[in-house]
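> Structure for this input, please:
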Amino acid sequence: ALAARSPLCRDLIQDPRVLAQCDRLLLTACERYQLHLGQVIRIMPGEKAQSLHKDRWAWGTHLKGLEPQLNTIWALTDFTRENGATRVVPGSTGWPDDRRADPEEITQAVMSRGSVLVYTGSVVHGGGANSSDADRVGLNITYALGWLRQEENQYLACPPEIARTFDPVLQDLLGYAMGSYALGYYSPPTAPGADPEVVPPNYALGRRAGGSSLDSAADLAALNGDVRGG
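Numbering: from 1, shown residues only. Okay, here's the model as predicted:
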């Protein structure tokens, strides 16, 4: 629930350098991408290494032939070999799901506080073991294709009464926007005739006018036609 809890994280979620990479990587397979999760990861002294994995396994092994997500880990402390810097396997994006990394194929994302590791959901990686006497703290912000289910349910983690105060760009990233012209609409649970029959998610935030091509008047007219006409 970082968007709801931390104004500073809201800025990082919208970092233009990271969103430019999302544009390049994700918009080849969707009309809009979204925030997949936001979490602070703390590796304490004595903690063992995390199992190596691909983050795309959040959807099982069903997605083939496309990259579903882009991930970032911002270093809130220095990342060192001793305190559990993230282990990464370069070149592993095309590996089959049952391929296991040999020790010599694994490196670590050693970096200073304030740096960011950017990697895709197909990269084999995992948190390192912490043999130091201090915590290793990282901020994990991940983005995914807009037509996929989010790992962290942003509607519940950041409900409309909080999200309505945010910048529209951040609102859209949280998922308060149509994933495409027919993904994400709802009917307001009010008395018949009190509200339009079909509206985009940002209607719950008080945004009555479309802020993008995906919730324009033309798209909503087409959507209403599809819903009513079957």
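
> all strands of this protein, in order?
Per DSSP state E, the chain carries strands over the ranges 33-43, 69-75, 87-88, 107-108, 116-120, 125-126, 136-145.

> Neighbours of residue 53, how many?
The number of residues packed near residue 53 is 13, by other Cβ atoms under 10 Å. Heads up, the C-betas are built off the backbone N, CA and C, glycines and all.

> That one reaches residue 124, doesn't it?
Yes: contact criterion Cβ atoms under 8 Å: residue 53 and residue 124 qualify, at 7.0 Å.

> hey, what's in contact with both of the two?
Counting by Cβ atoms under 8 Å, 6 or more residues apart in numbering, residue 53 and residue 124 have no contacts in common.

> hmm, back to that, and the strands of the chain as JSON lines, adding distance to residue 7 and mean pLDDT?
As requested, the strands of the chain are exported to JSON lines (distance: least, Cβ to Cβ, whole Å; pLDDT from 0 to 100):
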{"stretch": "strand 33-43", "distance to residue 7": "13", "mean pLDDT": "97"}
{"stretch": "strand 69-75", "distance to residue 7": "15", "mean pLDDT": "98"}
{"stretch": "strand 87-88", "distance to residue 7": "30", "mean pLDDT": "98"}
{"stretch": "strand 107-108", "distance to residue 7": "31", "mean pLDDT": "98"}
{"stretch": "strand 116-120", "distance to residue 7": "19", "mean pLDDT": "98"}
{"stretch": "strand 125-126", "distance to residue 7": "29", "mean pLDDT": "98"}
{"stretch": "strand 136-145", "distance to residue 7": "14", "mean pLDDT": "98"}
